[in-house]
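Colleague: Pasting the sequence and the predicted model now:
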Amino acid sequence: MPAAPISPLKRQLALRIAAGVRAMNLSQIEAARVLQVTQPRLNALLKGRVELFSLDALAQIAVRAGLTVRISTTRSYRHH
């Protein structure tokens, strides 16, 4: 499966995580500790470098940030 369809999901998760980190009112070092990632890794995430993260890793960080992660799927409506 090509990586392109996953990128929008990763970007959306990264944006939500960044908003959650801002809402924490913590330093990056403190927020990284809460999210169980290193500060450089959190910094990369906050800068939108989603290519460095798997979808699974972002989902785990999001849950640690207090977010609920749901993924839904639908059938593609392609004309044959």
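Modeller: Good, I have the coordinates. Numbering: from 1, shown residues only.

Colleague: Can you give me every residue that contacts A14?
Modeller: For A14, the contact set (CB atoms under 8 Å, 6 or more residues apart in numbering) comprises L45, G48, V50, F53, L58. Where you see a C-beta, it was placed from the backbone N, CA and C, and this is true even at glycine.

Colleague: If we use 6 Å, what do you get?
Modeller: Going by CB atoms under 6 Å, 6 or more residues apart in numbering, A14 touches L45, V50.

Colleague: Find the helix or strand that it is a member of.
Modeller: Per DSSP states H and E, A14 falls inside helix 6-24.

Colleague: so for that helix, what's the average pLDDT?
Modeller: What helix 6-24 shows for mean pLDDT is 92.

Colleague: got the buried residues for that helix?
Modeller: For helix 6-24, the neighbour count (16 or more other CB atoms under 10 Å) marks K10, L13, A14, I17, A18, G20, V21 as buried.

Colleague: What residue, apart from its backbone neighbours, is nearest the second one spatially?
Modeller: If I follow you right, that is L13. Take L13 and drop its neighbours on the chain: the residue closest to it by CB to CB, 6 or more residues apart in numbering is L58, 4.2 Å away.

Colleague: What of the first one?
Modeller: Excluding its sequence neighbours, the residue lying closest to K10 (CB to CB, 6+ apart) is V50, at 4.1 Å.

Colleague: before we move on, the earlier item: could you give the separation of the helix holding A14 from the chain centroid?
Modeller: Here helix 6-24 is found 5 Å from its chain centre; the criterion is CA atoms, centre = their mean, to the nearest Å.

Colleague: The residue nearest to L13: what secondary structure?
Modeller: helix (DSSP: H, G, I helix; E, B strand; the rest coil).

Colleague: try the one 10 residues further on
Modeller: Going by three-state DSSP, the secondary structure assigned to T68 is coil.

Colleague: What does T68 show for phi and psi?
Modeller: phi -100, psi 130 (degrees, to the nearest 10).

Colleague: and it, what pLDDT?
Modeller: So, for T68, pLDDT stands at 94.

Colleague: mind listing what it touches?
Modeller: Counted by CB under 6 Å, 6+ apart, T68 has zero contacts.
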